[in-house]
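*Asks:* this one's structure only:
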């Protein structure tokens, strides 16, 4: 199926192995028999959680994101400890670490490929309800503020640029559709 | 504002300069006075277009995405020729190259940061209407099929994994909300 599209790996090499980023440079056989170089980021995957309060507010984290040089508003999220970690376990951990909240129920919304052109990162997205507040305990090099925003306002914020993080937009629009369709 | 969050660049170094990927390794001063290493991808940005037909079908492209090793269904998209290229010009070009269609109107939906934790990629997303078909003319190492999908079905496909590309999900859910709220 789709034989006219599929590329085959001929060779793979590690060109950068950092603390965070692992870059591969592969040689691929194209559908027309030619070869091409494919550079890509190997990523373990991540989980993200949109926590919904009975007030119809969601809980977001405000943090500085170095690559874009801006303070963002995002749903809590973090990388899997290993590619085979259960994404649900990761989702619960990140919710607790970043916001302090624990949830009675986590419901899977979807899984997204963030940048299929240059990485294999998938983010598994959950909605969290039945929330109980507690102490946040972020990583030692992670600084963030916890913010409550009405879901209806968050939907507007995905339009006007106040929320521009892709995973957060997907979560907000899906949860909004769940509640209002 | 947000002085408790902001990190300052102390040093920046190019650690990988490939054809597609440009990786930086910076040293940042954290809000607590400590230092941390920040690895990130420098990206010129991109535009993406969700083309809507009068039949309420959208036009998607099916293509093989090497990093995820899967055939995807995505909205037409491509990188800016340069960081200062007008995203609207890029959007028109990519729509034409990948689908052959030209549009009477392109309307900006939003701009997303795809992976704010490890790249500065922004994708500017437009809705295209008033479409006229023509010949597609993709890049020489780009193989893709053009597919029409009812917008309502595409919304379902963002849930069940048939569409998992983040920019495409954002575009589909925003356009759906525009038409049905």
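*Replies:* Yep, it's here. These numbers were taken from a predicted model, which means no experiment stands behind them. Numbering: from 1, shown residues only, chains lettered A, B, ... in the order given.
*Asks:* Against residue B:102, how distant is the residue nearest the centre of chain A?
*Replies:* Chain A has residue A:123 as the residue nearest its centroid, 4.2 Å off, counting by Cα atoms, centre = their mean. Here the criterion is Cβ to Cβ, to the nearest Å. By it, residue A:123 lies 34 Å from residue B:102. To be clear about C-beta, it is placed using only N, CA and C from the backbone, and glycine gets the same treatment.
*Asks:* Residue A:93 too?
*Replies:* 48 Å.
*Asks:* again, but for residue A:2
*Replies:* On the measure of Cβ to Cβ, residue A:2 and residue B:102 end up 27 Å apart.
*Asks:* ok, now residue A:141?
*Replies:* For residue A:141 relative to residue B:102 (Cβ to Cβ), the value is 48 Å.
*Asks:* same deal with residue A:70?
*Replies:* 34 Å.
*Asks:* hmm, the longest helix seen in chain A in reach of chain B?
*Replies:* In chain A, with assignment by DSSP state H, the single longest helix is helix A:166-180. Yes. For helix A:166-180, a contact with chain B is found by Cβ under 8 Å from any Cβ of the partner chain, at A:166-167, A:169-170, A:173-174, A:176-177.
*Asks:* now the angle between helix B:166-180 and that helix, please.
*Replies:* Inter-element angle recorded for helix A:166-180 and helix B:166-180: 30 degrees (by axes from the mean of the first three to the mean of the last three Cα atoms, to 10 degrees).
*Asks:* Need the residues that contact helix A:166-180.
*Replies:* For helix A:166-180, the external contacting residues (Cβ atoms under 8 Å, 6 or more residues apart in numbering or on different chains) are A:48, A:50, A:52, A:56, A:58, A:60, A:73-75, A:77, A:109-110, A:112, A:114, A:123, A:125, A:127, A:151-152, A:154-155, A:158, A:163, B:110, B:112-115, B:123, B:155, B:158-159, B:166-167, B:169-170, B:173-174, B:176-177.
*Asks:* now swap in stretch A:17-32 and tell me
*Replies:* A:3-16, A:35-43, B:15-16, B:18, B:21, B:23, B:25, B:37-41, B:64, B:66, B:118, B:141, B:143.
*Asks:* so how far is it off the chain centroid?
*Replies:* Put simply, stretch A:17-32 sits 21 Å off its chain's centre (Cα atoms, centre = their mean, to the nearest Å).
*Asks:* Next: stretch A:41-60.
*Replies:* Centre to centre, stretch against its chain (Cα atoms, centre = their mean), the figure for stretch A:41-60 is 8 Å.
*Asks:* quick one: buried residues of it?
*Replies:* When burial is assessed from 16 or more other Cβ atoms under 10 Å in any protein chain shown, stretch A:41-60 yields the following buried residues: A:41-53, A:57-60.
*Asks:* Tell me where chain A has helices.
*Replies:* A:87-99, A:151-160, A:166-180.
*Asks:* Name whatever forms a beta bridge with residue A:35.
*Replies:* Assessed by DSSP bridges, residue A:35 has beta-bridge partners residue A:29.
*Asks:* State the distance from the residue lying farthest from the centre of chain A to residue B:20.
*Replies:* Distance to the chain centre peaks in chain A at residue A:33, reaching 35.5 Å (criterion: Cα atoms, centre = their mean). Applying Cβ to Cβ, one obtains 22 Å for the distance of residue A:33 from residue B:20.
*Asks:* Kindly report the domain assignment for chain A.
*Replies:* A:8-41, A:46-180 (automatic domain parsing).
*Asks:* Which pLDDT value goes with the closest residue to residue A:131 other than its chain neighbours?
*Replies:* Nearest residue to residue A:131, sequence neighbours excluded (Cβ to Cβ, 6 or more residues apart in numbering or on different chains): residue A:101, at 4.7 Å. In the predicted model, residue A:101 carries a pLDDT score of 97.
*Asks:* Quick check: residue A:101 vs residue B:43, distance?
*Replies:* In terms of Cβ to Cβ, residue A:101 sits 33 Å off from residue B:43.
*Asks:* just residue A:122 next, same as before
*Replies:* 19 Å.
*Asks:* Residue A:18 too?
*Replies:* 17 Å.
*Asks:* Now do the strands for chain A: every range, in order, please.
*Replies:* For chain A, the strands defined by DSSP state E occupy A:8-17, A:22-29, A:35-41, A:46-51, A:57-65, A:70-74, A:77-79, A:102-113, A:122-132, A:144-150.
*Asks:* Could you save these as JSON lines and add columns showing distance to residue B:132?
*Replies:* Below are the strands of chain A laid out as JSON lines (distance: least, Cβ to Cβ, whole Å):
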{"stretch": "strand A:8-17", "distance to residue B:132": "37"}
{"stretch": "strand A:22-29", "distance to residue B:132": "34"}
{"stretch": "strand A:35-41", "distance to residue B:132": "32"}
{"stretch": "strand A:46-51", "distance to residue B:132": "39"}
{"stretch": "strand A:57-65", "distance to residue B:132": "40"}
{"stretch": "strand A:70-74", "distance to residue B:132": "38"}
{"stretch": "strand A:77-79", "distance to residue B:132": "41"}
{"stretch": "strand A:102-113", "distance to residue B:132": "31"}
{"stretch": "strand A:122-132", "distance to residue B:132": "36"}
{"stretch": "strand A:144-150", "distance to residue B:132": "41"}
